Structures are given as C-alpha cells and as structure tokens.
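*Asks:* predicted model and sequence below, questions to follow.
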Amino acid sequence: MIYNIPYIAVAALVLIGLYALVFKRNLIKLVIGVVLIESGVNLFLIILGYREESIAPIYTSSPGGVMSFPVPQALTLTSIVIGVAVIALMLSLVIHIYRHYGTLDVRKVRRLKE
Amino acid sequence: MTEMSKIVRTITSITFPFAMIYGLYVIAHGHLTPGGGFQGGAVVASACAMILVAFGSKWTIDKIKEKKLSAFESLGAIGFIALALLGLVFGVAFFNNFLTGSNFLFGNIPPTGSVFADINTGGVLPLMNFAVGLKVIAGLFVIVLVMAYATTSFKGVKK
Amino acid sequence: MNMPDYTIPLVVAIPLLGAFLTPLVSRINDKLRNVFVIIVLALNALLVFLLASDILTTGIKTYVFGAKDLTYPIVRILFEVDAMSIFMAIISSILVLAAVTYSWAFMKENTGLDKYYTLILLLTAGMLGMVFTGDMFNFFVFLEITSIASCALIAFWTDVGESVEAGFKYIVISATGALFVLFAVALLYGQYNALNIAQLSSVIQYTFLDKIALVLLIVALAMKAGIVPMHMWLPDSYGSAPSTISIVLVSATLASLYGVLRVVFTLYGNALSTIANFDISVNVFIGWFIVALAVISIIVGVTMALIQSDFKRLIAYGAVAEIGYMFLGIGAGLTALGTAYGRTALNGGIFHIMNDALDVGLLFLVAGAIYYATRERSLDRLGGLARNMKYTTAFFIIGLLAVAGMPPLNGFASKILIYESTFQLNPILAIVAILCSILLLAVFVKVFHSAFMGPQLPKYKDVKEVPRSMLFVMGVIACIIVFIGLFPEFVINNVVEPAANALVGYSEYVSQVVAGGI
C-alpha cells in the first residue's frame, strides 16, 4: 500500500485538475486545472524511474547502491519546459481577455456562440 | 507594478548578485550536476523578476528594452540549432557531439567512477547549455516584463 | 533521385533556424523579411519533394540523431519517414507556402509581423516534426510546439475579443489533449521501457494498460483533429484567426489526424488482429468506433454549416464534415482490414486528406480575399461581389464544387472511393455520406448566392479585385485541384497507394529499426 501512494497522488492530481477544468468558471482556475494535470503527469513519469533507496544518476559508475533511471527525469524536464511556455501563453491570453471583457467569468466571456 | 519601499530595494540590490551567480553556476555546470540551461536560466530570470518587483516595471523597462531581449532570445535559439548543424558538418550526424574527445574546447573524456568530475568535458553539451541559458533568461524575463507592463498600463475595459 | 540521409533532419531544422533568424532579418527591412520567409519555405518544400521522390522509389528512410548508426538498446531519437509521412509533409509544405505568399498582401497593414512569421515557421517545423518522428515522446514535443504556435497565431489579432477567446479555448483543449498523450506515452514507457514507435510496436502485448493508453491517444488526437463531439474549438479558431492562419491550421489539424493513423496502424498494428472483448477483433472494434464518430461529424458539420451567417465559421463547419469523410474512409478501411473494399476505403480516406486540405484551404483563401476587399465577414451584409471580383468568384466556384464532391474536381475523385467502399460495408453509411454531400453543396450554393450574386450593393460599388499575389496563390491551388480532379489515377498510383501500403504494412516500418523484424 505504501508504495502505491505516489500513484494515488497522480490519480488525485489529474482528477482534481479535470474537475477544475470542467466545473470552474474562473479563467485563472482553468489555468490552475491544466497546471494540476501537468503536475500529475510529471509525477507519474518521475515515479516510473524511481527505485527504492536510489541515488541521483550523476556518476559514470555508481559508488554503491542503485541509481534511479535518468530517462524519465529528462522527459519530465522537457515536459516542464513546455509547461512553462503553455502557462505563460495562457496567462497572457487571460490578461487580454480581461482587457476586452473586464471579467474573468467564462459565462460572461462568450461572444463566440454556435 | 509600482516601486516598493527602500528596504526592499536595498535587500534586492544586495541579493541580486548572489542569485545571478548561482544561476550562472547552474548553467555552467549543467553537464556535470543536475541542472543546465533551462534551470539556471530560470534562476537568473527570477533574479531579474525580483528586480522588476522591487523597482517597478516602469523603471525596469526604461533600463532594459524588450526588443533587445527578444534579439538575445533569437540568438540563443540560433546558437543551439547552429551547434546541432555543426554536428552534421564536422561530425557524423545532426546533433552529433563532435567536440568530445577532441582535446579542444570541453574536449576531455570524462573520468569514470564516482570521482570529482572534470569541467572540461562534455563536448557541445556545455555550449548548448549556454545557448539555452541565454534563450531562457531572455525569454522568461521578457514574458514577466511584458506581463507586468501590460497589467500596469491597463486603464479599464475598452468597450 | 537519391537524397542523402541528412535531408530528413534538415527539413525540420531549416524552418526552425529560419524562425529564429526572422526577427533579426526583420530589423533590417520588412520586404527582405517577407522574401526571406518565402525563400526558406520554398527551399523546404523543394527538399520535401525531392525526399518524396526518393522515398516513393526506394522505401522507408530512417535517420538517427547524434550518432552514425543505431545502437541497441535504442536510446536515441529517431526520425523514420515512410510514404505516409512524406504524403502529409507534402500537403503541409504546399499549404504553408501558399499561406506565406498570400500573407504578403493580406497582412500588410498589421504590426508585429516578425512574430507572425516566426510563429508560422515554428508551426511548420512542428508539423513536419510530428509527421517525421519515429519516437513517441518526440511526437509529444512536436505536438506541443504545433499547438503553442497555432494558439498564438489564432490570437494574433489581439485587438479583437473573439480571437483572444478562441485562442484561449484552443490552448486549454490542446494543452489538456497533449498532456493525455504524454500520460499514454508514460503508460507505454513504464511497461515496455521503450519510446520508439517501431520498438514499442514489436513488443506491445495489448494489456489492460495498453487499452487505456490507446483510448487516451485516440481521444486526445481525435480531439485535436476536430472530430465531433470534440469539435467545439474548431469553428471558433478557424473562424477567428486570420485567413492565412486558418489554412495553416487545416494542415496542423491533419497532422493530428496523422497521429491517429500512426497510433492505430503502426503502434498498435501488432495488436489489430487480436481478439478484443465480446469475440470482436480489435480492428473491427476501433474501426466501428471511428466510423461512428465520422458519421456524427459529417451530420453535425453539415447541419451546423447550414445555419451559419459568418463566412469563415461556415467554412469551418464544412471542414468538420470533411474531416468526418476522411475518418469514414479510414474507419471503414480499418473495419474491413484485409479485404479489397477495405483497401479502397483506406485509399479514399487518405486521398481525401489531400483533397480536403486543398479545397478547404482554397475556400478560406477566398473568404480572406472577400474580407480583404470589403472588411466584412457576415453573409447577411455581403452581396453582388461577382461584378467586381471576377477571378475570386471563379476560384470560389471551383472550391465549392470541389468541396461538395462534384465531378470532375478532386473532391469527387476521393469521395467516390469512400462511397463505393462504405456501401459494401454498410449501405446506410454510404447513403448518409452522399446525402450530406448534397447538403454541403446546398450550403455553399447559398453562400455563393448571398455573397456573389444578386444586385450590386451601393457600399460595395468601389470594391476592387484583390492584389495579384493573392490571386496567384488562389490560382495555383485551383489549378492543383483541377489537375487532381482530371488525373486522379496519377495521384492515387504515385502517392496515395504507397501511403496506404505504408500504413497497412506496419511490419516493414518495424523491421527498419528492430533487428529481425517480427
């Protein structure tokens, strides 16, 4: 059970993020929802590469004990970098939307209808 | 963003060089320790953001022009891709690490085992870290700067 | 012609380098920048065509990044280009080149064009990377590059509230979709310790986690391809973006469609003939799922297009229906995998990708020309434009007939393949497809009547024909449409058939990378 806690955290983060995306009406909260999903996925990648009592993979050969697997960490880093760009873009769009409509409520920001 | 109190500005002036040096250290040692261009660049950019918060966006945008930062950002990206292309020209493939083992810049073979690492290793990796670092510093700082400026100059809804 | 291997990364690297050189060139001179961007993309298109002629004769090409040869276990990023990839790359490079040439006159009055061109080049690099890559994580990275660049381009007219709103909608959808793609990649990686598509395909077991990954991948990529019921972002983005961006977005959407194809046919190619639940094999299961989505897309797209009054939103709903036709062909081909009519359906679906890109692209360009001349997008306030804009009217007629699938234009050539093959799968599908095609014709005839025919409105008395460069681009696309319509066999035999072969024969794709094949 104790080893499953990170996976439960992943599920919780993704589900909370989806909940925020679907039910929240504030644009900033939507951004937070996307950030939560991203954190969940990143955490999932990290725990895929973790081994119990491992050390950081920074040596060419280990001084004793296992080293955790570096590839998922590299993947996570890439995903974080992309996440920064996405979030910056989202927030700048939120700033623009606020300038045009004077509100952050999605119900009032709806000029594009079917 | 308006200027903050004198205490904040003084403390920022004192801590700014340390944050800057730490960030540059992380960039320069990217091929040896955890870190690298993006992480170090983010540290430096947050040091710059600290200046922005303490001294206000008007002051900062007078000192550093947005256009210049954008040019630096492009330079960083061009440097990265140019290094990758040089791998094709001097080495065997795109992104090939043609400098490693060449006894040239960063050309040493890394020592094996859990010993202290040699900074003069890594081939094109440290150079790529510098390029990425330049891009991230300029990019993140320009984002924060423009956002801060946009929110300050906002004078109510247009329509 | 035999191209050296390093052409493959150059096709992605040239737009990327050009993207970051554009702001610097733009400091010198604006005209120089426009010429520079056009030259970069023309060079890139040339490379793609040369590469295509090579790959269509010699077969799959792979390129390993950073080393001469592949070492096992595979840790390096790999580009693997087969006939399907190069087919998509040809479409993307034609559309982007058209968009950039058209932009010269169309976007002249805008500021911040250095960023506009930078983003277009980034978007090109992202799309070409998506179709060339042989690595799942790399695919995710290029997907994100594409969606970030296209979001910024959708919201390029930041002084208009609607376009910012559409941009925000698009980025929320695509960021969430891309994160689910990453989640699926992580699921596959955790099980098989591989990121390479070919390697994953050779070891995939179709376990419970693989099923979850498959669902996540198909749904997220189909959402980015604009399939009903995940289409809500598409009319907004296509409608609110500048016209040039709309046609680049068409090709970005098709790159996501390519993702669906690659996942289903290659990544899960090994699992396709295994039995899923309820004694149905996997290809029938996924095939009918895709067919169902496709039929809903066609019906919803056409009926929603009927009631639109905004020119570009109307075309966007038409594009939803067209994407439905592609998915119908592909889904039918998947359901009847291995039979002759299944093969025809797959050919038709793949052929329709090219035709849809050209037809819808031409219609968006015509909408852009009308907006350029009149600054008006609402069909209720347009009228009598045929008197002053003869050439644009002619191009619109070609576009509307092609999109509605009238002979002898290219839309007919691919739709007839889809009709005759889906009729053998289930007659109802073909009937729905034909009826909706007729409705689509009705929709566009209505547009034609309200925008171009009728008495000349006093406020449009002084409307002039658009500049020559815009007419030239529309003319070239119209010529390609007519050419494909007149000689469909030429395109099918030379490009479409090898692409379909590449999709069905996934084992060849795998054996290029994994020693010994399957």
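*Replies:* Received, thanks.
*Asks:* just checking, C:Tyr189 touches A:Val41?
*Replies:* No - counting by Cβ atoms under 8 Å, no contact exists between C:Tyr189 and A:Val41, whose distance comes to 11.9 Å. Quick note: C-beta positions are derived from backbone N, CA and C, even for glycine.
*Asks:* so between the two, which is more surrounded?
*Replies:* Neighbour count, other Cβ atoms under 10 Å in any protein chain shown: between C:Tyr189 and A:Val41, A:Val41 has more, with 26 against 22.
*Asks:* by contact count, what packs against the helix or strand where that one lies?
*Replies:* Counting by DSSP states H and E, the element that carries A:Val41 is helix A:27-49. Contacting helix A:27-49 under the criterion 3 or more Cβ pairs under 8 Å, 6 or more residues apart in numbering or on different chains; DSSP states H and E are the following elements: helix A:5-23, helix A:70-101, helix C:161-192.
*Asks:* enumerate the residues of chain A near chain C.
*Replies:* If contact is defined as Cβ under 8 Å from any Cβ of the partner chain, the residues of chain A in contact with chain C are A:14, A:21, A:27, A:30, A:34, A:37-38, A:41, A:44-45, A:48, A:71-72, A:75, A:78-79, A:82, A:85-86, A:89-90, A:93-94, A:96-97, A:100-101, A:109-112, A:114.
*Asks:* show me the shaky parts of the chain.
*Replies:* With no chain named, the answer covers chain A. When the per-residue scores of chain A are filtered using pLDDT under 70, the ranges that remain are A:111-114.
*Asks:* the intended chain is chain C.
*Replies:* Counting by pLDDT under 70, the low-confidence segments of chain C come to C:1, C:275-278, C:515-518.
*Asks:* give me that answer again for 50
*Replies:* Low-confidence regions of chain C, defined by pLDDT under 50, span residues C:517-518.
*Asks:* how about chain B?
*Replies:* Counting by pLDDT under 50, chain B has low-confidence residues at B:159.
*Asks:* mind doing that once more with 90?
*Replies:* Counting by pLDDT under 90, chain B shows low-confidence ranges at B:1-4, B:30-37, B:56-71, B:87-125, B:145-159.
*Asks:* what's the nearest residue in the stretch 101-250 of chain C when you look at chain A?
*Replies:* Across the stretch 101-250 of chain C, no residue is closer to chain A than C:Gly161, which sits at 3.8 Å (Cβ to the nearest Cβ).
*Asks:* residues touching B:Gly113, list them.
*Replies:* By Cβ atoms under 8 Å, 6 or more residues apart in numbering or on different chains, B:Gly113 lies in contact with A:Tyr59, A:Thr60, A:Ser61, A:Pro63.
*Asks:* over to A:Glu52?
*Replies:* Contact analysis of A:Glu52 by Cβ under 8 Å, 6+ apart lists nothing.
*Asks:* next, give phi and psi for it.
*Replies:* A:Glu52 adopts backbone torsions of phi -60, psi 130, taken as degrees, to the nearest 10.
*Asks:* re earlier: list the buried residues of the helix holding A:Val41.
*Replies:* Of the residues in helix A:27-49, those buried under the neighbour-count criterion (16 or more other Cβ atoms under 10 Å in any protein chain shown) are A:27, A:30-49.
*Asks:* same check on stretch C:269-282?
*Replies:* Residues of stretch C:269-282 classed as buried: C:Gly269, C:Asn270, C:Ala271, C:Leu272, C:Ala276, C:Ser281, C:Val282 (neighbour count, 16+ other Cβ under 10 Å).
*Asks:* can I get stretch C:380-390 in CSV, CA atoms only?
*Replies:* Extracted as CSV, the C-alpha positions of stretch C:380-390 are listed here (Å, rounded to 0.1, in the frame of the first residue of the first chain):
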residue,chain,number,x,y,z
ASP,C,380,-26.1,38.8,-44.4
ARG,C,381,-24.4,42.0,-45.3
LEU,C,382,-22.5,40.8,-48.4
GLY,C,383,-23.8,40.7,-52.0
GLY,C,384,-23.2,41.3,-55.6
LEU,C,385,-19.5,40.8,-55.4
ALA,C,386,-19.2,38.9,-58.6
ARG,C,387,-19.4,42.1,-60.6
ASN,C,388,-16.2,43.5,-59.2
MET,C,389,-14.3,40.4,-58.2
LYS,C,390,-14.4,38.1,-61.2
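*Asks:* is chain A within reach of that stretch?
*Replies:* No - contact check for stretch C:380-390 against chain A, using Cβ under 8 Å from any Cβ: none in range, with a minimum separation of 15.9 Å.
*Asks:* can you point out the buried residues in that stretch?
*Replies:* For stretch C:380-390, a neighbour-count test (16+ other Cβ under 10 Å) marks C:Leu382, C:Gly383, C:Gly384, C:Leu385, C:Ala386, C:Asn388, C:Met389 as buried.
*Asks:* separate out the buried members of the residues of chain A next to chain C.
*Replies:* Among the residues of chain A next to chain C, those classed as buried by 16+ other Cβ under 10 Å are A:14, A:21, A:27, A:30, A:34, A:37-38, A:41, A:44-45, A:48, A:71-72, A:75, A:78-79, A:82, A:85-86, A:89-90, A:93-94, A:96-97, A:100-101, A:109, A:112.
*Asks:* how about a markdown table for the contacts of B:Gly113, with neighbour count and secondary structure added?
*Replies:* Formatted as a markdown table, these follow (neighbours: other Cβ atoms under 10 Å in any protein chain shown; DSSP: H, G, I helix; E, B strand; the rest coil):
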| residue | neighbour count | secondary structure |
| --- | --- | --- |
| A:Tyr59 | 15 | coil |
| A:Thr60 | 11 | coil |
| A:Ser61 | 9 | coil |
| A:Pro63 | 10 | coil |
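*Asks:* of these, list those near chain B.
*Replies:* With Cβ under 8 Å from any Cβ as the criterion, the contacts of B:Gly113 include A:Tyr59, A:Thr60, A:Ser61, A:Pro63 near chain B.
*Asks:* you'd agree C:Leu257 is up against C:Met326?
*Replies:* Yes - under the criterion of Cβ under 8 Å, C:Leu257 makes contact with C:Met326 at 6.6 Å.
*Asks:* these two: which is more packed in?
*Replies:* In this comparison of C:Leu257 against C:Met326, neighbours counted by other Cβ under 10 Å, the higher total goes to C:Met326 at 29 against 23.
*Asks:* ok, the strand or helix carrying the more buried one near chain A or not?
*Replies:* Per DSSP H and E: C:Met326 is located in helix C:311-335. No - shown here: helix C:311-335 not in contact with chain A (Cβ under 8 Å from any Cβ), separated by at least 8.7 Å.
*Asks:* since that was my last question, I'll sign off now.
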